[in-house]
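Q: A structural model of the following input is requested.
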Amino acid sequence: MRKKIAVLASGSGTNAENIIRYFREKSSACVALVLTNRQNAFVLERSRGLEVPCFYFPKSDWENGEAILSVLREHDIDFVVLAGFLARVPDLILHAYPNKMINIHPSLLPKFGGKGMYGDRVHEAVIAAGEEESGITIHYTNEHYDEGAIICQVKCPVLPEDTPDDLAHRIHALEYDTYPKVIEKLLESEG
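A: Residues are numbered from 1 along each chain as shown. Have a look, this model is predicted:
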């Protein structure tokens, strides 16, 4: 039986789309649901275009999580993937999915993580700090931003002439290649 994945995203949804497309070809799992905390997030359009059910929940629903957990249960979700999701996941949902909820972060945690560190802010900070390498971190989600147990990290160089956009391009390539494969391995290890 195929495992059902929910993707939580706040922005344009390129990672969400990549994950949806990856699992379309797999018999082990599929993306069955996309949830967002932003009414105008382009991930909603991407999801509709790929015929994946998607829902927007306002900030008040993300504070206690009851309505969101209800939708996750209605769709029989087995595993939750954060892909550019910028809100804190309510404890109610975290506790309903222990070791079944992961996030991707565009730096080598614990460096350049935490509340407010996302997207270009991370790449700007990496370059400003003179780092020679950056990368991605895939980790379990817990009550604290970017502090869950690390599952894997993949590195890339930071070149002296890099702009935040240059580094972002390199990081996105790592995300698109790595994240779906890690999700698949985690689901396979669950049996």
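Q: what's the spacing between the helix or strand of the chain with the lowest mean pLDDT and its chain's center?
A: Sorting the helices and strands of the chain by mean pLDDT, DSSP states H and E puts helix 59-64 at the bottom, at a mean of 94. With C-alpha atoms, centre = their mean, to the nearest Å as the basis, helix 59-64 stands 19 Å off its chain's centre.
Q: Then stretch 45-58?
A: Centroid displacement of stretch 45-58 relative to its chain, using C-alpha atoms, centre = their mean, is 15 Å.
Q: what do you get for stretch 134-151?
A: 10 Å.
Q: quick one: contacts of it?
A: 80, 82, 88-89, 91, 94, 99, 101-110, 112-115, 117, 123, 126, 152-156, 158, 167, 170-171, 174-175, 178-179, 182, 186 (C-beta atoms under 8 Å, 6 or more residues apart in numbering). Glycine gets a C-beta too; all of them are placed from N, C-alpha and C.
Q: And stretch 44-62, by the same measure?
A: In contact with stretch 44-62 (C-beta under 8 Å, 6+ apart) are residues 12-14, 16-17, 20-21, 31-39, 41, 43, 67-68, 71, 75, 87-90.
Q: neighbours around Ile151, how many?
A: Using other C-beta atoms under 10 Å, Ile151 has 16 neighbouring residues.
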